[in-house]
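**Student:** Take a look and give me a structure for this.
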Amino acid sequence: MVPERAGVVVVGGGVMGASAAFHLAEAGVADVLLLERGALGGGSTSRAAGGVRAQFSDALNIALGARSLEAFARFAERPGGEIDLHRVGYLFLLTRPEDVTAYQASVALQNDLGVPSRMLEAGEAARLAPILRTDDVLAAAFHAGDGHCTPEAVVAGYAAGARRLGATVLTGVEVTGIETRTDGAGPATVTGVRTTAGTVATDGVICCAGAWSADVGAMAGVRLPVTPLRRQILVTGPLSPAVAALAPPTMPMTIDAASTFYLHREGPGILLGMSWQPEAPGFRTELSDDWLPDLTAAIEARAPRLLDAGVAHGWAGLYEVTPDHNALIGRSPDVEEFLYATGFSGHGFLQGPAVGEVLRDLYLGREPFVDVSPLSAERFATGATRPEHNIV
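**Tutor:** As a prediction, this is how the structure comes out:
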């Protein structure tokens, strides 16, 4: 059963929800309740590629990514836990003149905001990742402080930290409704959350439900324009000694900007994936062979030595996509104390630490370290969209 009352209910036990619960409990918020209908991290977080970076085209995403990189680096001390962080860098390969121009502008903005990324020549990129074919590469963008880590471990660390600080974390409990009250002409107020384990009275809800956020928002009468979209990942079998020598553990997380093909070392093999344009929106999470011809073509074009590596295993997860491929972070003007952080369109995991901090401050009425008001869900009604271009 859920408790009779909670100070605030966080819906969703992925990285956003766990981070929010930890930061709220750490700040002394009483009776924080985190609800997850499945297992912690069992939605999109555990199926992420694990990349962490500050290389974006949007100043807000740069700030959120850089702040999160700092938190990942100190994760063992706060909140505690091993996340297998590999700061091997992120390498974007650029084969089109227009991409070179765009990434030059992004790198300049990143530098202005304190992120020491830089543009590389093709030869420099080849030395960082010898397994890559770079004869068509015009330039590359690189930040040595980026990398990858284990998403499930990050969720576990934040959830454990939240529990130690007094938060209640419940799994196997699905939210089925949000109760609100309207008095006069003002905004509605949250009064409770209905679940499969009973109803909990509360004055506040924070929606961190990822690809399912549109449904959770609708329970409170809040429109969150988030669409689910399947993405698939494969991990190769163990590399031969000759191929492993060309893809050392220090190889950066690498993305071909034109095709979105990406790869990084994963144990004895290589993790790889890409976006697949024909994919239709929906909640499908089963593996499909439909994308394999495109993936095979991308491997052949960029890392042909991997074609003989074989596939050890794979999985599919869900992106939470918004119309401008940028996040929704804010507080509803129509329902008091209904906050949300969702719609990250593929870069949510890597921003989890910073967004949890922002949600804490929004809930407490503090000024966050960065102004996230441009990421309000209301921006679509006013046409103030904010596209992020450095996405996969």
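**Student:** Just give me the residue right at the centre of this structure.
**Tutor:** Centroid check for the chain by CA atoms, centre = their mean gives Gly348 as the closest residue, at 1.6 Å.
**Student:** Now do that residue against Gly186, distance only.
**Tutor:** Distance of Gly348 to Gly186, computed by CB to CB, to the nearest Å: 32 Å. For glycine as for every other residue, the C-beta is placed from the backbone atoms N, C-alpha and C.
**Student:** Next: Asp136.
**Tutor:** In terms of CB to CB, Asp136 sits 59 Å off from Gly186.
**Student:** Just want to know which of these two has more residues nearby.
**Tutor:** Asp136 (13 against 9; other CB atoms under 10 Å).
**Student:** what about that one, is that helix, strand or coil?
**Tutor:** coil (DSSP: H, G, I helix; E, B strand; the rest coil).
**Student:** I'd say it and Ala125 touch.
**Tutor:** No. Taking CB atoms under 8 Å as the definition, Asp136 is not a contact partner of Ala125, at 11.5 Å.
**Student:** Do you have the strands of the stretch 101-250 of the chain handy? List them.
**Tutor:** 118-120, 139-143, 147-148, 168-171, 175-181, 188-195, 198-202, 205-207, 227-236 (DSSP state E, counting those that start in this stretch).
**Student:** Including distance to Pro248, mean neighbour count and mean pLDDT, could the ones you listed go into CSV?
**Tutor:** Listed next are the strands of the stretch 101-250 of the chain as CSV, based on distance: least, CB to CB, whole Å; neighbours: other CB atoms under 10 Å; pLDDT from 0 to 100:
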stretch, distance to Pro248, mean neighbour count, mean pLDDT
strand 118-120, 18, 17, 98
strand 139-143, 16, 24, 98
strand 147-148, 14, 25, 96
strand 168-171, 38, 18, 98
strand 175-181, 45, 18, 97
strand 188-195, 48, 19, 97
strand 198-202, 50, 18, 98
strand 205-207, 42, 30, 98
strand 227-236, 15, 21, 97
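**Student:** Asp294 sits in which helix or strand?
**Tutor:** Secondary structure assignment for Asp294, by DSSP states H and E: helix 292-302.
**Student:** Now do the buried residues in that helix.
**Tutor:** If you call a residue buried by 16 or more other CB atoms under 10 Å, then helix 292-302 has these buried ones: 294-295, 298-299, 302.
**Student:** Can you pull the poorly scored residue ranges out of this structure?
**Tutor:** Applying pLDDT under 70 to the chain flags no residue at all.
**Student:** How is it divided into domains?
**Tutor:** Listed by automatic domain parsing, the domain ranges of the chain are 5-49+151-226+324-382, 90-144+228-321.
**Student:** just these: most buried one?
**Tutor:** Highest mean neighbour count among these (mean count of other CB atoms under 10 Å): domain 5-49+151-226+324-382, with a mean of 21.
**Student:** Could you work out the end-to-end span of that domain for me?
**Tutor:** Domain 5-49+151-226+324-382 has an end-to-end distance of 37 Å (criterion: CA to CA, to the nearest Å).
**Student:** going forward, begin numbering at 261 instead of 1
**Tutor:** In the new count, where the first residue is 261, that last one comes out as domain 265-309+411-486+584-642.
**Student:** Can you give the distance of that domain from its chain's centre?
**Tutor:** 14 Å (CA atoms, centre = their mean, to the nearest Å).
**Student:** go on, stretch 379-387?
**Tutor:** Worked out by CA atoms, centre = their mean, stretch 379-387 lies 28 Å from the chain centre.
**Student:** Other residues contacting it?
**Tutor:** 351, 353, 363-364, 367, 388, 392, 394-395, 397-402 (CB atoms under 8 Å, 6 or more residues apart in numbering).
**Student:** can you do 6 Å?
**Tutor:** Outside stretch 379-387, the residues that touch it by CB atoms under 6 Å, 6 or more residues apart in numbering are 367, 394, 397, 399-402.
**Student:** Could you check which helix or strand contains Glu342?
**Tutor:** Per DSSP H and E, there is no helix or strand for Glu342.
**Student:** Report the separation between it and Gly301.
**Tutor:** 15 Å.
**Student:** Kindly report the same for Val270.
**Tutor:** Taking CB to CB, one finds Val270 at 14 Å from Gly301.
**Student:** repeat for Ala290
**Tutor:** Taken as CB to CB, the span from Ala290 to Gly301 is 25 Å.
**Student:** Same question for His283.
**Tutor:** For His283, the distance to Gly301 - CB to CB - is 17 Å.
**Student:** now do Glu412
**Tutor:** 5 Å.
**Student:** Repeat that for Ser592.
**Tutor:** 26 Å.
**Student:** Next: Leu578.
**Tutor:** Taken as CB to CB, the span from Leu578 to Gly301 is 13 Å.
**Student:** how about Leu329, secondary structure?
**Tutor:** helix.
**Student:** Distance of it relative to Val486?
**Tutor:** 25 Å.
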